[in-house]
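Participant: this one's structure only:
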């Protein structure tokens with residue numbers, strides 16, 4: 001008896017395909033979670049930038065607010081914080097702290113220096129410094 005292998009599917013191939021089909025949903029879920037974890041989160045970036053601003057402002061002197069501008073002295077140099085082209089910028093020089101914001105305003109309330117900024121119609125108010 002001679003057996004012909006022509007046109008026959010090997011059982012190992014069927015088992016391999018079946019295992020791959022069973023693992024496909026798991027692989028899909030892992031890839032989805034990886035992409036979601038690497039997505040840029042503006043809220044986290046904002047909190048990092050505001051923490052950096054807090055460090056600067058808490059050691060600064062003579063903090064004054066004029067609504068759209070915040071002026072202060074940092075290491076005996078005058079500094080200014082304001083928005084330009086949808087960015088919150090610290091000058092002299094150009095340090096961008098918040099990006100893609102519609103507007104930002106500053107106010108001093110009691111012992112707190114506050115920033116209120118708007119992005120995509122959502123308004124946030126955060127404390128920048130305490131005095």
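Facilitator: Yep, that arrived. Predicted, not measured: the structure shown is a model, and the values here were computed from it.

Participant: show me what contacts the closest residue to residue 100 other than its chain neighbours?
Facilitator: Excluding its sequence neighbours, the residue lying closest to residue 100 (Cβ to Cβ, 6 or more residues apart in numbering) is residue 86, at 5.5 Å. Placement of C-beta: from N, CA and C, glycine included. With contacts defined as Cβ atoms under 8 Å, 6 or more residues apart in numbering, residue 86 is in contact with 99, 100, 101, 102.

Participant: ok, and the most crowded of those?
Facilitator: Of all these, residue 101 has the most neighbours under the rule other Cβ atoms under 10 Å, reaching 18 neighbours.

Participant: are we agreed that that residue is in a helix?
Facilitator: No. Counting by DSSP: H, G, I helix; E, B strand; the rest coil, residue 101 is not part of a helix but coil.

Participant: per-residue pLDDT of it, please?
Facilitator: Per-residue pLDDT puts residue 101 at 89.

Participant: quick check: it touching residue 118?
Facilitator: Yes. Counting by Cβ atoms under 8 Å, residue 118 is a contact partner of residue 101 at 6.5 Å.
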